[in-house]
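1. Just a sequence and a predicted model for now, questions to come.
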Amino acid sequence: MQFKKSGALVLVTAGAVMLSACGSTGLFNRNRPDEFAVQRQSPLVVPPDFSLSPPKQGEPRPTTETLQEQTLDALFGGPQARSDIERSTLGLAGTADPSIRSTVGDPSTYTVAKGQVTRAILAAPEGDGQAAQTSLGG
């Protein structure tokens with residue numbers, strides 16, 4: 001009887017010790033680095049032109065692009081050559097009327113079947129939106 005109780009006590013104790021290792025607080029707690037705070041270091045790159053010299057005082061920087069242009073080039077790869085199909089499509093499209101932005105919203109401009117909601121939006125008075133109201137139609 002005594003042996004069964006001590007064996008069960010040893011098993012329960014061993015189980016509790018093993019189970020405590022699974023939790024974040026317990027006997028085997030250790031300090032770990034935050035996996036989201038770790039950053040990769042970019043590899044060192046040897047410049048292809050070894051005859052580079054440091055810039056002289058007062059000279060303009062060698063890059064003439066703005067930071068925004070450099071970012072767009074890095075994201076989208078810069079300007080690409082147009083294909084034959086793209087060039088022919090743009091040629092067939094012709095040039096846009098310079099006043100297109102001012103005539104597109106004109107009520108006398110011919111458009112295709114505007115719905116009731118679109119007409120209400122276009123006919124709304126201009127303003128800052130302070131007096132805007134909505135109504136739910138049934």
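-> That came through fine. Residues are numbered from 1 along each chain as shown.
2. I'd like to check what contacts the helix-or-strand element of the chain with minimal mean pLDDT. Which residues are they?
-> Scoring the helices and strands of the chain by mean pLDDT, DSSP states H and E places helix 100-103 at the bottom, with a mean of 76. Outside helix 100-103, the residues that touch it by Cβ atoms under 8 Å, 6 or more residues apart in numbering are 97, 109. Where you see a C-beta, it was placed from the backbone N, CA and C, and this is true even at glycine.
3. so for stretch 19-32, what's the average pLDDT?
-> Averaged across stretch 19-32, the pLDDT comes to 64.
4. Mind checking what secondary structure the spatially most central residue of the chain has?
-> The centroid of the chain falls nearest to residue 75 when counting by Cα atoms, centre = their mean (10.8 Å). Residue 75 falls in the helix class when you classify it by DSSP: H, G, I helix; E, B strand; the rest coil.
5. Could you tell me how far the least confident helix or strand of the chain lies from the centre of the chain?
-> Here helix 100-103 is found 32 Å from its chain centre; the criterion is Cα atoms, centre = their mean, to the nearest Å.
6. list the contacts for the residue nearest to the centre of the chain?
-> Counting by Cβ under 8 Å, 6+ apart, residue 75 has no contacts.
7. Per-residue pLDDT of it, please?
-> For residue 75, the model assigns a pLDDT of 81.
8. now it: how far from residue 59?
-> Counting by Cβ to Cβ, to the nearest Å, the separation of residue 75 from residue 59 is 29 Å.
9. and if you look at residue 12?
-> Distance from residue 12 to residue 59, by Cβ to Cβ: 78 Å.
10. of these two, who's got more company?
-> More neighbours surround residue 12 than the other of residue 12 and residue 59, with 10 against 7 (other Cβ atoms under 10 Å).
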